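>>> Return a 3D structure for these sequence lines:
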Amino acid sequence: MGRKFIDCREFPSEMNCSIAIGADTEGELLEAAVQHAVKVHGHQDTPELRDMLRSVIKDGMPPEKAPSRAA
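Numbering: from 1, shown residues only. Below you'll find the predicted structure:
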């Protein structure tokens, strides 16, 4: 099983967050991403947030260069 990641640089934010979170399992990654979203970005831990985060999980490692941000 390969690494999985979520890259905060792909989403617009006022703070231009440059965090990328990686883990060996989707569950571990999801928990870390939820904690980041709640503590750093002020989101509420809701089923909708978890579904959104689950939908943006990618296989592999985040790129070194920041991807273009979503509009």
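>>> Please name the residues that touch the residue nearest to residue 23 when sequence neighbours are not counted.
For residue 23, ignoring the flanking residues on the chain, the nearest one in space by CB to CB, 6 or more residues apart in numbering is residue 29 at 3.8 Å. Quick note: C-beta positions are derived from backbone N, CA and C, even for glycine. Counting by CB atoms under 8 Å, 6 or more residues apart in numbering, residue 29 touches 4-6, 21-23, 57.
>>> May I see the buried residues of whichever strand or helix holds residue 29?
Assigned by DSSP states H and E, residue 29 belongs to helix 26-39. Buried residues in helix 26-39, counted by 16 or more other CB atoms under 10 Å: 29-30, 32-34, 36-37.
>>> going on from it, what's the next piece of helix or strand?
According to DSSP H and E, the helix or strand after helix 26-39 is helix 47-55.
>>> Just after that following helix, pick out the following helix or strand.
strand 58-59.
>>> so what does that following strand touch, helix or strand wise?
strand 4-7 (3 or more CB pairs under 8 Å, 6 or more residues apart in numbering; DSSP states H and E).
>>> pLDDT on the following helix or strand past the strand it packs on, on average?
The helix or strand immediately downstream of strand 4-7 is strand 20-23, counting by DSSP H and E. Averaging pLDDT along strand 20-23 gives 96.
>>> strand partners of strand 20-23, parallel vs antiparallel please.
strand 4-7 (antiparallel) (DSSP bridges).
>>> May I have the strand it pairs with exported as CSV, CA atoms only?
Coordinates of each C-alpha in strand 4-7 appear next as CSV, following Å, rounded to 0.1, in the frame of the first residue of the first chain:
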residue,chain,number,x,y,z
LYS,A,4,-1.6,9.1,0.5
PHE,A,5,-1.7,12.9,0.8
ILE,A,6,-3.9,16.0,1.0
ASP,A,7,-2.3,19.2,-0.1
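>>> list the contacts for residue 2?
Residues in contact with residue 2 (CB under 8 Å, 6+ apart) are 59-60.
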